[in-house]
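> Please find the sequence and the predicted model below.
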Amino acid sequence: MVAGRERWSSKTGFLLAAVGSAVGLGNMWRFSYLTAENGGAAFVLLYIVMTLLIGLPVLLAELTLGRGARRSPIEALGVFGGGAWKALGGLFVATGFLILAYYSVIAGWTARYAIEAVLTGFPENPGEYFGSIINGRAAVAWHLVFMAATTLTVMVGVKGGIERLSIVLMPLLFVLVCGLALFAMTLDGASAGYDFYLSVDWSKLFTAKVLNDAASQAFFSLSLGMGAIMTYASYLPEDSHLPNESIIIATADFGVAFIAGLAVFPMIFAFGLSDQVNGSTVGALFITLPAAFNEMGTAGYLVGILFFVALVIGALTSAISLLEVVVSSAMDVLGLSRRTAALSAGGLIAALGIIPALDDGRLDVMDKLAGNAFLVAGGLILAVFVGWVMRNPLDEVSKGATGVRWFGLWRWLLRIPVPLVLAYTLFEFVRGWNAGS
Ligand code: PHE
């Protein structure tokens, strides 16, 4: 299996694909709504800390396991830990199913907004409009279209499908997001948005909810805790410099989220729409931003289209990585061809997604469960595995990167701080869940 394994055609190709996995709805939709819900800058600060403290070490751990084993997550964990650890790979695949099923529904709303905006502009009354499209047959249809595009890309393969698409789309997304942030600077009243986004209210910093949301967002945004990065790393050559790659991926992912915030918050505050955002739900961006675009006239029309196009691009390159986890596992474990694996996994996930497409309450529950529980649990077990169980993580990570000074720190972080923070996050989540919040 290893001998004939597919490969990225270049280092840049891998990096763009990995950044494509990381940068997605998480950076614009989820990051903005969590920042709004958790009071702005305090959340952003904690999110940065979490990215460095727990995101980066787990990212490097996933890269190490994937490249080392050159197999899909289930098999990779078997290689390094023995049969029982394959169960963790099983959890990853289940998480992939769960996330992609609802992720694709949101991506479907996004694609619909983008296309309808081109044809007819943004709705007069976005709140009402959004309420009317999130559930029901049309939501199912858009979700199925998006899943078809995702499945098709994965079916084509690592080099021709995933890599080629990422090479074209990721630079475009980056330019779009930067352009939007620059445009937002020109708005009168933008400064209230910057204030909310950038000046920290210390009293909001240390609540369990902010901590939990920041930790889980760091994971969600970096595509960690479910083997996506591990799977992509399994197509890397042995001499790749994993520490450098982990830093590049994390920086690009954080950069896009941060710059997207520099676009979103000034736009919302400039038009006095912040009240709507403070009571944020998953839908806030789909309601508040179009309202802002409407206020801006023709410029808003163009900016709005670009914004939703950027979102669709991010969503697609992330969705393919979610599907690739399931597909590569089906290929490795069941011996299926790529085509059969992609069609069956894509089909099953598309079917599962009908549930959240018909009921946004369920979608919300799936997002909380996947983001705050499954990814965090997956990351926790993975950190314990690499920190305590795996015999030679330092030898493995050093291949292609000898003499990096912070390897010792990396292992220590995986041993103590990362499991502690993640266990606490999980504990608080379960407590809140039981209390019905
Ligand atoms: N990181 C992606 C985003 O920010 C979502 C994702 C999560 C992708 C987990 C793969 C695995 O949108």
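Nice, thanks for sending it over.
> low-scoring pLDDT stretches of the stretch 151-300 of the chain, where are they?
Where the stretch 151-300 of the chain drops to pLDDT under 70, the residues are 275-284.
> What parts of it come near the ligand?
Along the stretch 151-300 of the chain, the residues adjacent to the ligand under the rule CB under 6 Å from any ligand atom are 220-221, 223, 226, 228. Heads up, the C-betas are built off the backbone N, CA and C, glycines and all.
> Try it again at 5 Å.
Taking CB under 5 Å from any ligand atom as the contact definition, the stretch 151-300 of the chain meets the ligand at 221, 223, 228.
> tell me the contacts of the last one?
Residue 228 makes contact with 21, 96, 321-322, 324-325, according to CB atoms under 8 Å, 6 or more residues apart in numbering.
> mind redoing it with 7 Å?
Residue 228 makes contacts with 21, 321-322, 325, as judged by CB atoms under 7 Å, 6 or more residues apart in numbering.
> One more: the first one?
Taking CB under 7 Å, 6+ apart, we find residue 221 in contact with 22, 26-27, 31, 253, 257.
> Next step: those residues restricted to strands.
Assigned to strands by DSSP state E, none of the contacts of residue 221 qualify.
> so can I have CSV of the residues you listed showing neighbour count?
Converted to CSV, those look like this (neighbours: other CB atoms under 10 Å):
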residue, neighbour count
22, 29
26, 25
27, 29
31, 24
253, 25
257, 25
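> Can you tell me which of those is nearest residue 76?
residue 22 (19.5 Å; CB to CB).
> For the closest one, which non-adjacent residue is closest in space?
Spatial nearest neighbour of residue 22, chain neighbours left out: residue 253 (4.0 Å); criterion: CB to CB, 6 or more residues apart in numbering.
> Now residue 380: which helix or strand?
Element membership for residue 380 (DSSP states H and E) is helix 375-384.
> Is residue 407 in contact with residue 393, as I believe?
No - Residue 407 lies out of contact with residue 393 (CB atoms under 7 Å); the separation is 8.8 Å.
> out of the two, which sits in the more crowded spot?
Legend: neighbour count by other CB atoms under 10 Å for residue 407 and residue 393, higher for residue 393 (23 against 17).
> okay but that one is in contact with residue 64, surely?
Yes - here residue 393 reaches residue 64: they are 6.2 Å apart, a contact under CB under 7 Å.
> neighbours around residue 172, how many?
Residue 172: 12 surrounding residues under other CB under 10 Å.
> same thing with residue 50?
22.
> Apart from its neighbours in sequence, what residue is nearest it?
Residue 50's closest residue in space is residue 218 (CB to CB, 6+ apart), at 4.0 Å.
> what angle separates the helix or strand harbouring the one you found from helix 375-384?
Element membership for residue 218, per DSSP H and E: helix 208-221. Orientation note: helix 208-221 sits at an angle of 70 degrees relative to helix 375-384 (axes from the mean of the first three to the mean of the last three CA atoms, to 10 degrees).
> For helix 208-221, list every residue counted as buried.
Buried residues in helix 208-221, counted by 16 or more other CB atoms under 10 Å: 210-221.
> which residues of the stretch 51-200 of the chain fall in helices?
Using DSSP state H, counting those that start in this stretch, the helices of the stretch 51-200 of the chain run over residues 56-69, 73-81, 86-120, 126-133, 137-156, 164-185, 190-198.
> of all those, which gets the most neighbours per residue?
helix 56-69 (a mean of 26; mean count of other CB atoms under 10 Å).
> Packing partners of that one?
helix 73-81, helix 228-233, helix 242-270, helix 375-384, helix 393-398, helix 407-415 (3 or more CB pairs under 7 Å, 6 or more residues apart in numbering; DSSP states H and E).
> Please export the C-alpha coordinates of the first one as PDB.
Output for helix 73-81, consisting of C-alpha atoms alone and laid out as PDB, is shown next (Å, rounded to 0.1, in the frame of the first residue of the first chain):
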ATOM      1  CA  PRO A  73      -5.200   7.800  10.300                       C
ATOM      2  CA  ILE A  74      -6.700   4.400  11.300                       C
ATOM      3  CA  GLU A  75      -3.700   2.500   9.900                       C
ATOM      4  CA  ALA A  76      -1.200   5.100  11.000                       C
ATOM      5  CA  LEU A  77      -2.300   4.800  14.700                       C
ATOM      6  CA  GLY A  78      -2.000   1.100  14.300                       C
ATOM      7  CA  VAL A  79       1.500   1.400  13.000                       C
ATOM      8  CA  PHE A  80       2.700   3.500  15.900                       C
ATOM      9  CA  GLY A  81       0.600   2.300  18.700                       C
END
